[in-house]
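J.: fold the following, please.
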Amino acid sequence: MIRTETVKLNSIIGLAYKEKLAAGGAGLAIITPNDRAAYTINKRDGKAVPYGPVNGNVFTSAVVSEALELTKGLSYKRSGKIIKVYDDIHCDETSAELETEDDITSIDVVLSKEYAGFITEYTDKNGKFSYQLMNRDLMKFADSSKIANEMVANNDNDDAIVRYIVRMKAVNLAKTKTMDDKFLTVFIETFDSMNTRSAFKELKTHIRTKKSKTKR
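T.: Prediction:
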């Protein structure tokens, strides 16, 4: 066990602390006696992006802003099960005991230029990451890409086509040259882990539709 520093929130009865997310990179956790929320941190603008389902009625923008402000500069650890974080109602604890997995090597996707590129490109006017915006843009790329269309015509595996499209779009947005296969796998898994369904479900459906039209 280690003790990881937490901060007590004023806007709600709850605590906040920095953590290292399962997919890699820095994250923010906010916990109340009845609920929990996790966020990734956009390295470019410092904003918090929901990492999985978040109850917006509890974790309002004011709560998240306060948590971000109070946890600035705090260290974080890759966290496992929270053993104790508050004493029943009053949240008097000043720290939380966490099981850690510091010895696990992870690919740091969240702090990458590719991840920042996706977050910046597909964040809507309300400041929320939009899977709809992302899928629409990736579908446009699929239609305009010569290689993607050749893969569709050759009836390549759906996942292989998705991987090609995501890789090329991420590289273009980040203005980098390459993305290796292991990083790409974790990159895709990271966005999947923040969604209750496959993050690229609409893109996959679009690819299958294109394939069916090609066969006619």
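J.: next one: stretch 117-126 to chain centre, how far?
T.: Per Cα atoms, centre = their mean, to the nearest Å, the displacement of stretch 117-126 from the mean C-alpha position of its chain is 12 Å.
J.: got the buried residues for it?
T.: Residues of stretch 117-126 classed as buried under the neighbour-count rule (16 or more other Cβ atoms under 10 Å) are 117-119, 121-123. C-beta coordinates here come from the backbone N, C-alpha and C atoms, glycine included.
J.: show me where the chain has helices.
T.: Listed in chain order, the helices of the chain (DSSP state H) span residues 61-71, 113-121, 131-144, 146-153, 158-174, 181-193, 201-215.
J.: residues near residue 204, how many?
T.: Close neighbours of residue 204, defined as other Cβ atoms under 10 Å, add up to 15.
J.: follow-up on the earlier one: can you tell which of the helices of the chain is closest to residue 43?
T.: helix 113-121 (5.3 Å; Cβ to Cβ).
J.: so which residues make contact with that closest one?
T.: Helix 113-121 is contacted by residues 25, 40, 42-45, 49, 109, 129, 133-134, 137, 169-171, 173-176, 179, 183, 187, 190-191 when judged by Cβ atoms under 8 Å, 6 or more residues apart in numbering.
J.: that older thread, name the nearest of the buried residues of stretch 117-126 relative to residue 71.
T.: If you rank these by distance to residue 71 using Cβ to Cβ, residue 119 comes first, at 19.0 Å.
J.: can I see the domain layout of the protein?
T.: What the record gives for the chain is the domain set 2-100, 113-215, from automatic domain parsing.
J.: rewinding a little: now the two most distant members of the buried residues of stretch 117-126.
T.: Largest separation among these by Cβ to Cβ: 117 and 123, giving 11.1 Å.
J.: identify the residues contacting residue 188.
T.: Under the criterion of Cβ under 8 Å, 6+ apart, the contact list for residue 188 reads 162-163, 166, 199-200.
J.: just the buried residues of those.
T.: With burial judged by 16+ other Cβ under 10 Å, the buried subset of the contacts of residue 188 is 162-163, 166, 199-200.
J.: what sits against residue 60?
T.: residue 11.
J.: who does residue 19 bridge with?
T.: Note on residue 19: beta-bridge partners by DSSP bridges are residue 27, residue 77.
J.: can you verify my assumption that it contacts residue 28?
T.: Yes. With contact taken as Cβ atoms under 8 Å, residue 19 and residue 28 are classed as touching, separated by 7.4 Å.
J.: name the residues contacting each of these two.
T.: Overlap between the contact sets of residue 19 and residue 28, as judged by Cβ under 8 Å, 6+ apart, is given by residue 38.
J.: list phi and psi for the residue lying closest to residue 124 once chain neighbours are set aside.
T.: In space, and not counting its chain neighbours, residue 124 is closest to residue 130: 4.4 Å by Cβ to Cβ, 6 or more residues apart in numbering. Dihedral pair for residue 130: phi -110, psi 110, per degrees, to the nearest 10.
J.: how close does residue 130 sit to residue 49?
T.: Taking Cβ to Cβ, to the nearest Å as the criterion, residue 130 is separated from residue 49 by 11 Å.
J.: higher neighbour count, those two?
T.: Neighbour tally, residue 130 and residue 49, criterion other Cβ under 10 Å: the higher count belongs to residue 49, 20 against 15.
J.: hang on, the more buried one packs against residue 129?
T.: Yes. Judged on Cβ under 8 Å, residue 49 makes contact with residue 129 at a distance of 5.1 Å.
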